[in-house]
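[1] I would like to see how this sequence folds:
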Amino acid sequence: MKLTPLYDRVVIKPAPPEEVTKGGIIIPDTAKEKPQQGEVVAVGKGKLTEDGKLIPLQVKVGDQVLFGKYAGTEVTIDGEEYLIMRESDIYAIINTNGQS
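    Got it, this is the predicted structure:
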């Protein structure tokens, strides 16, 4: 990918919407909800404070994260859809390796 976010922004590849409910009902395209989780694929250098100090981001490339339903700006690059958002729009990192 040829996209580098600036400052405290991150680029997220959203998870695909669910095709089938837990009960086995197939969801039509028109009723699918926007995913609220995805994988971080690029991060900026961090947030600048008023006195010029750089605060590094807590998320890193490869993290699975949860974010707000309407967070971020949708962009399409090389036919793939991504979201660009500030780190503060991310609610949590999903712990996938069992460590805390």
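
[2] Need the phi and psi values for the residue nearest the centre of the chain.
    Central residue of the chain (Cα atoms, centre = their mean): Ile12, 3.4 Å from the mean position. Here is the backbone geometry of Ile12 (degrees, to the nearest 10): phi -120, psi 140.

[3] outside of stretch 80-99, which residues touch it?
    1, 3, 5, 8-14, 37-38, 41, 43, 47, 57-59, 63-68, 71-76 (Cβ atoms under 8 Å, 6 or more residues apart in numbering). (C-beta placed from N, C-alpha, C; glycine too.)

[4] in it, what's buried?
    82-87, 89-90 (16 or more other Cβ atoms under 10 Å).

[5] dump the residue contacts of Pro48.
    In this structure residue 48 is Leu, not Pro. Leu48 touches 7, 54-55, counting by Cβ under 8 Å, 6+ apart.

[6] For Glu87, grab phi and psi.
    phi -60, psi -30.

[7] again, but for Asp63
    phi -70, psi 140.

[8] Ala42 is in contact with that one, correct?
    No. Applying Cβ atoms under 8 Å as the test, Asp63 and Ala42 come out as separate, 11.5 Å apart.
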